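Enquirer: starting from these lines, generate the structure:
(2 chains)
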Amino acid sequence: METLEHLIAELPTARAPRALKARILACVAQAAERSLRAYRILFGALSVVSAALMVPAASFAAREFSQSAFASYFSLLFSDGGMALANWKDLTLSLAESAPIIGVTLILAAAFALLASVRAFGRYAGHRAPAHAMV
Amino acid sequence: MKTDDELIAAYEAGEEPAFAELLDRYLDAVYSFALRLTGSKEEAEDVAQETFLKAWKNLKRFRTGANFKTWLLAIARNTAIDALRKKKPMSFRDFSRREDDDDFEHGIPDTAPTAGALFDAQLSVERIDRALAGLAPMYREVILLHYREELTLDEAARILKVPLNTLKSRDRRALIMLKKLLEPREGE
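Expert: Next up, the predicted model:
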């Protein structure tokens, strides 16, 4: 004897209209294309912005470098190696203190952002949205 | 035949037809569930379309090893509820009634016809579907998920985001109501 629960379990599965599958696949393809376009725009813009930021970062680093005594301390390594070796602790400390850290950090950050965004842009530019609409 | 997890991994690796295969596998189930929940073919088509689109967008969030059909039905249920709410403003009670009267509920004698009587009454698919449509959505979805889609009460509770005991009581209440709706009326 069947129970109501069994009768419900055996209710037939309604068949989806044939056009529905194609409609869903087309919809997914459109969404994929939209998201690809958005990523391309985003990473393209980021590439341009980070490339543009390289210029002020480089000029800031150059100014910081020329104003610091880093170059003088650094040249001691080559001009007076014996003295540099005898006072290596003091020289290391002076080099560390006078290093244009902010400028170098800014350049590295801009370069990293540029590389990452160019790489991401390249990845999305090479992608094609799924050709679901053709199924 | 590839498992759902293998198809998802294949799609993520760039094998486009894998998604179409998942669609082939579950489109009828999702459409059928949505049709019984919304009661309208157009609405069910929109819900099925929206469900698969949401599933595609969130495919990366799907936990490997979880049941893909259960995940799809959860999305379909939420999409259908949103569609029903947009179509016809529903009262808060329709979906979120507090059920803290379990003991009272379990004390009610089930006077509805027995399963045998129902079977003898030659229940047709149309009649069961009509009776299901007569249930409030919060009861209909329990019946559909637990008995039609054969999800465990625990799985259904997770989909409906209600405590297990609440769902058990809702399930019992839903069956009683359904049996009442299936009772032969005078003249039938």
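Enquirer: ok, which stretches of chain A are helices?
Expert: Along chain A, the stretches classed as helices by DSSP state H are A:4-9, A:18-67, A:70-79, A:81-86, A:88-98, A:101-126.
Enquirer: quick one: the last one near chain B?
Expert: No: contact between helix A:101-126 and chain B, assessed by CB under 8 Å from any CB of the partner chain, is absent, since the two come no nearer than 11.6 Å. Every residue, glycine included, has its C-beta placed from N, CA and C.
Enquirer: how far away is B:Leu135 from A:Gly82?
Expert: The spacing between B:Leu135 and A:Gly82, counted by CB to CB, to the nearest Å, is 95 Å.
Enquirer: repeat for B:Leu175
Expert: Between B:Leu175 and A:Gly82 the distance is 96 Å, computed by CB to CB.
Enquirer: looking at the two, which one has more neighbours?
Expert: B:Leu175 (21 against 7; other CB atoms under 10 Å in any protein chain shown).
Enquirer: what ranges in the chain fall below the confidence cut-off?
Expert: Just going to use chain A. Judged against pLDDT under 70, the low-scoring parts of chain A cover residues A:1-2, A:127-135.
Enquirer: not quite, I wanted chain B
Expert: Low-confidence segments of chain B (pLDDT under 70): B:88-123, B:185-188.
Enquirer: which parts of it sit against chain A?
Expert: B:16-17, B:19-20, B:23-24, B:27-32, B:35-36, B:41, B:44-45, B:48-49, B:52-53, B:56-57, B:115-116, B:118-119, B:123, B:125, B:128-129, B:132, B:143, B:147-148, B:150, B:175, B:178-179, B:182.
Enquirer: now do the contacts for B:Leu37.
Expert: Contacts here follow CB atoms under 8 Å, 6 or more residues apart in numbering or on different chains; on that basis B:Leu37 touches B:Ala44, B:Val47, B:Ala76, B:Arg77, B:Ala80, B:Leu84, B:Pro137, B:Arg140, B:Glu141, B:Leu144.
Enquirer: tell me which element it falls in.
Expert: helix B:17-38 (DSSP states H and E).
Enquirer: compute the inter-axis angle for that helix and helix A:18-67.
Expert: Here helix B:17-38 runs at 120 degrees with respect to helix A:18-67, directions being taken by axes from the mean of the first three to the mean of the last three CA atoms, to 10 degrees.
Enquirer: what residues of helix B:17-38 count as buried?
Expert: Residues B:18-23, B:25-38 are the ones in helix B:17-38 that count as buried (16 or more other CB atoms under 10 Å in any protein chain shown).
Enquirer: residue contacts, B:Thr51?
Expert: Under the criterion of CB under 8 Å, 6+ apart, the neighbours of B:Thr51 are B:Val30, B:Ala34, B:Leu72, B:Ile75, B:Ala76, B:Thr79.
Enquirer: again with B:Asp154
Expert: Counting by CB under 8 Å, 6+ apart, B:Asp154 has contacts B:Leu164.
Enquirer: swap in 10 Å and give it another go.
Expert: By CB atoms under 10 Å, 6 or more residues apart in numbering or on different chains, the contact set of B:Asp154 is B:Leu164, B:Leu167.
Enquirer: measure it to chain A for me?
Expert: With distances defined as CB to the nearest CB, to the nearest Å, the gap from B:Asp154 to chain A amounts to 17 Å.
Enquirer: so where does that residue fall, helix or strand?
Expert: Element membership of B:Asp154, judged by DSSP H and E, is helix B:153-160.
Enquirer: export the contacts of B:Thr51 to a markdown table and tack on distance to A:Ser94?
Expert: Converted to a markdown table, the contacts of B:Thr51 look like this (distance: CB to CB, whole Å):
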| residue | distance to A:Ser94 |
| --- | --- |
| B:Val30 | 71 |
| B:Ala34 | 74 |
| B:Leu72 | 66 |
| B:Ile75 | 64 |
| B:Ala76 | 69 |
| B:Thr79 | 67 |
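Enquirer: how about A:Ser94: what's its closest non-neighbour residue?
Expert: With sequence-adjacent residues excluded and distances taken as CB to CB, 6 or more residues apart in numbering or on different chains, A:Ser94 is closest to A:Tyr73, at 5.0 Å.
Enquirer: for burial, what's the neighbour tally of the one you found?
Expert: A total of 20 residues lie near A:Tyr73 under the criterion other CB under 10 Å.
Enquirer: spit out the contact partners of it.
Expert: Contact analysis of A:Tyr73 by CB under 10 Å, 6+ apart lists A:Ala84, A:Asp90, A:Leu91, A:Thr92, A:Leu93, A:Ser94, A:Leu95, A:Ala96, A:Glu97, A:Ser98, A:Ala99.
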